[in-house]
Structures are given as structure tokens and as C-alpha cells.
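In: show me how the following folds:
(one chain, ligands or ions: 1)
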Amino acid sequence: MPTSNKTKGGGDAVSQQCISPACGATYSVDEARVSCGRCGNLLDIQYDWDRLSVPSSLKYFEEKWTRRGEPHCFSGVWRFHELLPFVPVQQCVTVGEGQTLLHASEGVGRYVGSKSGKLFLQYEGMNPSGSFKDNGMSAAFTHARFIGAKRAACASTGNTSASLALYCSVTNLMKAVIFVGSGKIAFGKLSQALDFGALTVQIAGDFDDAMDRVREVSAELGIYLVNSVNPFRLEGQKTIMFRILEALRWEVPDWIVVPGGNLGNSSAFGKAFYELKMLGLIDRMPRLAVINAGGARTLFELYEEHGLRWNDGKPDVATVDAFNEEMDREGRRASTIASAIEINRPVNLYKCIRALEWMDGVVRHVDDQQIMDAKAQVGAGGMGCEPASAAGVAGAKMLVEEGVIGKDERVVCILTGHQLKDPKATVAYHTTDQEQFNEVLGSRGVSRAAFANRAVAVPNNLDEIIKAIQLYS
Ligand code: F0G
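Out: As a prediction, this is how the structure comes out:
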């Protein structure tokens with residue numbers, strides 16, 4: 001049995017707690033749970049901060065850099081352990097996640113409409129498995145090991161599965177069982193899961209189907225579930241915000257812009273800033289913009305059109321139920337080139353609207369044309385990202401145009417996944433082959449590639465090659 005998180009005064013300093021204030025049921029961190037046993041709502045990890053050692057200033061964390069020879073100081077997740085202390089640091093699993101970069105991008109800033117020096121890109125694609133998921137996986141995996149799990153499962157649009165598969169193969173602590181929608185996952189991600197040796201179950205359905213099934217299967221077989229319904233996952237994802245603050249010398253930006261799929265990130269970001277503010281470690285909250293793909297815009301419709309609000313823990317559940325029933329009746333399925341966020345039933349919906357309340361948030365949706373154009377701009381100006389990540393950038397541009405985001409406000413767009421995750425989408429955008437363009441992008445309503453960088457075809461002849469280079473460079 002794991003050593004429990006008992007502290008000085010007796011009792012648990014850390015627990016799992018139902019997010020519904022009316023319920024507020026608590027559970028020990030020794031349990032693996034993805035919902036409240038009493039009311040079925042999501043769970044938070046709850047800390048009794050008065051009984052834990054919390055630094056008095058965020059500058060405290062700078063000292064960890066001087067000790068980066070120690071794995072838990074090197075990790076971009078665990079060097080903030082004091083802000084997610086659900087198990088002792090010595091027991092935390094790390095594969096070196098979170099060595100990511102905040103980059104001020106002039107090119108993307110111009111595209112978005114921000115003033116010089118105001119637009120930042122947070123490159124989470126630099127994580128070991130190439131997406132932000134490793135932040136959360138190190139935390140969920142830590143908890144899985146803590147309670148003695150031997151198998152871990154997830155449903156995925158690709159990145160969660162790649163991350164889980166990587167943690168399993170690197171640490172050898174668990175066997176990965178992953179559920180993916182058949183044909184619904186980008187090749188880079190599928191190749192990772194296969195290469196890392198995960199048991200890969202391809203379901204004839206989409207992510208929403210896979211999510212339903214993995215919940216049933218993991219409950220039935222007692223397999224540890226690492227999807228973002230797992231509250232420990234989101235603790236790890238809080239650290240993306242800590243690293244942004246660190247890169248900004250602990251100054252709070254004006255906006256965090258993030259693509260929304262299952263809404264784990266947005267939920268985690270809200271909790272991160274809420275806790276920092278409550279602990280007196282920051283003096284104000286940034287605002288949050290969650291960007292859906294147009295073909296998967298449940299959050300947008302509920303929040304912006306139906307006026308769904310967290311409402312201090314009393315959201316209008318009937319509105320959500322009616323919305324879901326209508327989707328069922330119409331047989332509506334999510335559809336977007338940004339396969340990572342091709343999700344119509346986000347599992348963290350309620351936590352996300354809570355984050356939107358805390359961070360005075362807005363929600364927008366962008367179409368696949370806007371996503372692919374923004375993606376090309378990110379690629380041209382830096383290290384690139386996958387389509388879902390570019391939704392955030394396209395959304396930032398929209399919000400600047402609307403005047404919701406000021407041109408001189410400091411904006412951080414989270415680039416959630418690496419460019420190489422989905423080479424098919426990228427190559428199709430830049431191709432000269434109309435058939436390929438139509439098949440991959442035209443079919444999704446993308447009609448032009450305004451920022452394409454086309455390959456130049458030349459005969460295998462030195463003079464012709466030199467002529468082409470002189471002409472085009
Ligand atoms: N961006 C990328 C690259 C993703 O892989 C995901 C989610 C998101 C954004 C959306 O994040 O769920 O926190 O709102 N991918 C999940 C997966 C669903 O299975 O890999 P969210």
C-alpha cells in the first residue's frame with residue numbers, strides 16, 4: 001500500500017473532492033476515481049495548503065534550476081512539486097517532460113494583429129512524446145504507480161495514447177491499453193503508439209465512442225484510466241502555466257489562448273491560476289480564450305449561444321442534457337482537419353466553464369481554412385505545430401479583429417502538439433498536387449493555401465537546377 005498523504009495535524013492534507021459545491025464529497029488520494037461516487041460529477045485534487053509547505057514567492061522555483069542534475073528539478077512538471085504535492089516528490093515519475101519554450105513570435109504576432117513583442121507561443125510540442133500530454137501523463141502515471149496499477153488505458157485522438165505508450169515503454173512500470181477511433185488519428189501519433197508497444201484497440205467509431213467504451217472497459221477490468229477525467233492528469237497540466245509565468249519573469253500575461261477538445265487544458269489552467277491567486281503568488285488572473293474547431297463546437301454553442309455558465313457551481317445541467325439529446329437525435333458527429341480536437345462531448349465541460357468563470361473567459365470557433373492558414377504561419381515563423389494547436393492562433397487573430405483582445409495586450413497561444421504529428425495535413429497544404437489537396441483539405445472546405453510553400457519540380461539536370469535556385473531564392 002502506498003504511504004498516504006497524512007501531515008502534521010493528522011487527516012489528509014490532500015484529497016479528491018467533488019467539484020459540485022452542493023455535494024463536496026471527498027475521497028482519499030489512495031483511490032483511483034474518475035467521478036464522484038455520490039453525484040457523478042468530476043473530481044478535483046484538493047489541497048489543505050495551510051498544512052503543506054508552499055513557497056512565499058514564485059521566485060523560489062528559480063533555485064530548482066541550479067539543481068537540474070536531479071530528475072525532479074529537471075522536470076518542467078516536478079520542479080513545481082510544491083504546487084501539486086499529491087504524493088511525495090521522490091515517488092513522482094519523470095521522463096524529462098516539460099522542457100518547453102515560450103517564444104515571442106513577431107511573424108505570428110503580425111498575422112494575429114498584435115503589436116510587436118506581444119504575441120507569445122508556448123511550444124508544448126517539445127515534450128518527449130511531442131505534445132502537452134506529457135505534463136499530465138507524468139502526474140497520472142505517478143498516481144497510477146502510487147496506487148499499484150499494472151495496466152493503464154485511455155481513449156485518444158492520438159496524443160494521449162502516444163504519451164501513455166511512451167511512459168509505459170520508458171519506465172516499464174505498466175502496460176498501455178489504448179482506444180482510438182478507426183481512421184480518426186493522425187499517422188504520426190498512431191506510429192508512436194505502435195512503436196512504443198501499446199496494445200492498440202481501433203474502434204469502429206470516433207473519439208466520443210472510444211471514450212465511452214474505455215470508461216466501461218477500465219471499470220470492468222480495473223484498468224487505471226488516464227484520460228483527463230482523471231483529476232491527477234490535470235494537476236500536471238497546471239505546470240504549463242507555471243512555466244509561462246517563469247518565462248515571463250513571473251509576470252501574468254493578459255490572455256491565455258488554447259484550443260479546446262476534451263477541455264482538460266482549459267480546466268487545468270483555470271485551476272492553476274485560481275490556486276496561485278488564492279495563495280497570493282500572483283496578484284491578478286489572466287483571461288482565457290478557448291478555441292473550438294467549427295466542426296466540433298459544443299463548448300462554443302453551450303457557452304456563447306446557450307449562455308451556459310458555471311454559476312458558482314450551479315450550472316444549468318438541463319441545457320447540456322437537452323443539447324446532447326439533440327446531437328444524438330440529429331446523429332451529429334464531430335468533423336475537422338484538427339483531429340486532436342474532433343470531439344463533440346468534452347468530458348471536462350463543467351470544469352472548463354468553471355475556469356471560464358474564474359478567468360473571465362470567452363469561447364470562439366474557427367473553420368479548417370483558418371486553422372490551416374494559421375498553421376502555415378506558425379510553421380513559417382518557428383518550429384511548427386499540428387492543426388489543433390493552430391486553432392488557438394486562428395482564434396487569437398479572430399479575437400484581435402473583434403477587439404476583444406487588445407493589440408497591445410500580452411497574449412500566449414498554447415501550441416499543444418508538434419508539427420510532425422500530422423504530416424499529411426501539412427504536405428497537403430503545401431502541395432502542387434490538386435488531387436492530394438482536394439482529398440485531404442478540399443473535402444473539409446479548405447479552398448486555398450494562401451501561405452503555401454510549394455516544392456519546385458526540376459529535371460535532373462545541373463543547369464536547370466541552378467536556374468531554378470536563381471529564380472526562386
Ligand atoms: N491539442 C492537441 C494537440 C491535442 O492532442 C488535444 C487533445 C487538444 C489540443 C485538446 O486538449 O482535450 O485539453 O481540450 N487531445 C486528446 C487526445 C483528446 O486524446 O490526445 P483538451
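
In: wait, isn't residue 233 in contact with residue 227?
Out: Yes: using CB atoms under 8 Å, residue 233 is in contact with residue 227, at 7.3 Å. Any C-beta I mention is one placed from the backbone N, CA and C, and that applies to glycine too.

In: looking at those two, which has the bigger crowd around it?
Out: More neighbours surround residue 233 than the other of residue 233 and residue 227, with 30 against 25 (other CB atoms under 10 Å).

In: any idea which helix or strand carries the more buried one?
Out: In the assignment (DSSP states H and E), residue 233 maps to helix 231-247.

In: other SSEs contacting that helix?
Out: Judged by 3 or more CB pairs under 8 Å, 6 or more residues apart in numbering; DSSP states H and E, the packing partners of helix 231-247 are strand 43-47, strand 101-104, strand 119-123, helix 133-146, helix 264-278.

In: got the buried residues for stretch 146-166?
Out: 146, 149, 151-166 (16 or more other CB atoms under 10 Å).

In: with stretch 199-213 instead?
Out: Those would be 200, 201, 203, 205, 206, 207, 208, 209, 210, 211, 213, for stretch 199-213 by 16+ other CB under 10 Å.

In: distance check, the last one against the ligand.
Out: Think residue 213. Look at residue 213 and the ligand: by CB to the nearest ligand atom, to the nearest Å, they are 14 Å apart.

In: next up, the contacts around that residue.
Out: Shown in contact with residue 213 (CB atoms under 8 Å, 6 or more residues apart in numbering): 155, 179, 203, 205.

In: can you show me the helices along the stretch 201-350 of the chain?
Out: Counting by DSSP state H, counting those that start in this stretch, one finds helices in the stretch 201-350 of the chain at the ranges 207-221, 231-247, 264-278, 298-300, 317-330, 349-358.

In: ok, residue 296 - how many residues close by?
Out: 28.

In: scratch that, residue 66
Out: Counted with other CB under 10 Å, residues neighbouring residue 66 total 8.

In: just residue 248 next, same as before
Out: As a burial measure, residue 248 scores 15 neighbours (other CB under 10 Å).

In: any idea how far residue 244 is from the closest residue to it other than its chain neighbours?
Out: Leaving aside its chain neighbours, residue 248 sits nearest to residue 102 (7.1 Å; criterion: CB to CB, 6 or more residues apart in numbering). Distance, residue 102 to residue 244, using CB to CB, to the nearest Å: 6 Å.

In: overlap in contacts, those two.
Out: Contact criterion CB under 8 Å, 6+ apart; residues shared by residue 102 and residue 244: 120, 122, 412.

In: in JSON lines, list those residues along with pLDDT, neighbour count and distance to the ligand.
Out: Output for those, formatted as JSON lines (pLDDT from 0 to 100; neighbours: other CB atoms under 10 Å; distance: CB to the nearest ligand atom, whole Å):
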{"residue": "120", "pLDDT": "98", "neighbour count": "25", "distance to the ligand": "17"}
{"residue": "122", "pLDDT": "98", "neighbour count": "27", "distance to the ligand": "12"}
{"residue": "412", "pLDDT": "98", "neighbour count": "26", "distance to the ligand": "15"}
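
In: angle of the helix holding residue 233 against helix 264-278?
Out: Helix 231-247 runs at 60 degrees relative to helix 264-278, counting by axes from the mean of the first three to the mean of the last three CA atoms, to 10 degrees.

In: can helix 231-247 be found next to the ligand?
Out: No: residues of helix 231-247 are not located near the ligand by CB under 6 Å from any ligand atom, the shortest gap being 7.4 Å.

In: ok, stretch 191-211 next?
Out: No: Stretch 191-211 is not in contact with the ligand by CB under 6 Å from any ligand atom; minimum separation 6.5 Å.

In: now do that stretch: distance to the chain's middle.
Out: Mean-position distance between stretch 191-211 and its chain equals 18 Å (CA atoms, centre = their mean, to the nearest Å).

In: residues of this structure that sit close to the ligand?
Out: 131, 133, 156-160, 228, 259-265, 340-341, 386, 388-389, 416-417.

In: mind checking which of the helices and strands packed on helix 231-247 is nearest residue 421?
Out: Nearest to residue 421 among the helices and strands packed on helix 231-247 is helix 133-146 (11.0 Å), distances taken as CB to CB.

In: next secondary structure after that closest one?
Out: Next in sequence after helix 133-146, counting helices and strands by DSSP H and E, comes strand 151-156.

In: can you lay out the contacts of residue 213 as JSON lines showing pLDDT?
Out: Formatted as JSON lines, the contacts of residue 213 follow (pLDDT from 0 to 100):
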{"residue": "155", "pLDDT": "95"}
{"residue": "179", "pLDDT": "95"}
{"residue": "203", "pLDDT": "93"}
{"residue": "205", "pLDDT": "92"}
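
In: so which of those comes closest to residue 15?
Out: Among the contacts of residue 213, and counting by CB to CB, the member closest to residue 15 is residue 155, at 26.6 Å.

In: wait, doesn't that closest one sit right on residue 228?
Out: No: judged on CB under 8 Å, residue 155 makes no contact with residue 228 at a distance of 10.5 Å.

In: over to residue 94: give its phi and psi.
Out: According to degrees, to the nearest 10, the main-chain angles of residue 94 amount to phi -140, psi 140.

In: quick check, it in contact with residue 79.
Out: No: if you go by CB under 8 Å, residue 94 and residue 79 don't touch, sitting 9.8 Å apart.

In: so for these two, which residues contact both of them?
Out: Residues touching both residue 94 and residue 79 (CB under 8 Å, 6+ apart) are residue 72.

In: between the two, which one's more packed in?
Out: Taking other CB under 10 Å, residue 94 and residue 79 do not tie; residue 79 has more neighbours (27 against 24).

In: checking my notes, residue 463 in a helix, right?
Out: Yes: residue state for residue 463 (DSSP: H, G, I helix; E, B strand; the rest coil) corresponds to a helix.

In: how many residues are close by it?
Out: Using other CB under 10 Å, residue 463 has 9 other residues around it.

In: residue 141 too?
Out: By other CB under 10 Å, the residues close to residue 141 number 31.

In: with residue 464 instead?
Out: Residue 464 - counted by other CB under 10 Å - has 11 other residues nearby.

In: same deal with residue 124?
Out: By other CB under 10 Å, the residues close to residue 124 number 29.

In: hmm, residue 413 and it touching each other?
Out: No: applying CB under 8 Å, one finds residue 124 not in contact with residue 413, separated by 10.7 Å.

In: helices of the stretch 1-150 of the chain, start to end?
Out: So, for the stretch 1-150 of the chain - with DSSP H, counting those that start in this stretch - the helices run 62-65, 71-74, 106-112, 133-146.
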